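Colleague: Sequence and predicted model, in that order:
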Amino acid sequence: MRPDLDGNAIMELLGLGPGPEVGRAWRFLKDLRLERGPLDRDDAEAALLRWWADQQG
């Protein structure tokens, strides 16, 4: 099962280049999809941004 956003979308949204942070974000979204089911793009992006803010703090 794939997350609702791919690596390119994750990098664009978070302003990242390829690297381990993208993999961690991808795994977060994959786990979220397994837990909550498919999300629309806006919900997936909002969840990712909240998760990323928590990772930075």
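Modeller: Done, it's in. Residues are numbered from 1 along each chain as shown.

Colleague: mind listing the helices for the chain?
Modeller: Ranges of helices within the chain are 7-14, 20-36, 41-56, based on DSSP state H.

Colleague: got those as TSV, with mean neighbour count columns?
Modeller: C-beta here means a position set from N, CA and C on the backbone, and glycine is covered the same way. Rendered in TSV, the data for the helices of the chain read as follows (neighbours: other C-beta atoms under 10 Å):
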stretch	mean neighbour count
helix 7-14	16
helix 20-36	15
helix 41-56	14
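
Colleague: Out of the ones you listed, which gets nearest to residue 1?
Modeller: helix 20-36 (6.3 Å; C-beta to C-beta).

Colleague: which strands and helices sit next to the closest one?
Modeller: helix 7-14, helix 41-56 (3 or more C-beta pairs under 8 Å, 6 or more residues apart in numbering; DSSP states H and E).

Colleague: out of the ones you listed, nearest to residue 24?
Modeller: Nearest to residue 24, of all these, is helix 41-56, at 7.6 Å by C-beta to C-beta.

Colleague: could you say what helices and strands that closest one packs with?
Modeller: helix 7-14, helix 20-36.

Colleague: Of all the helices and strands packed on helix 20-36, which one is nearest residue 31?
Modeller: Set against residue 31 and scored by C-beta to C-beta, the helices and strands packed on helix 20-36 come closest in helix 41-56, at 10.1 Å.
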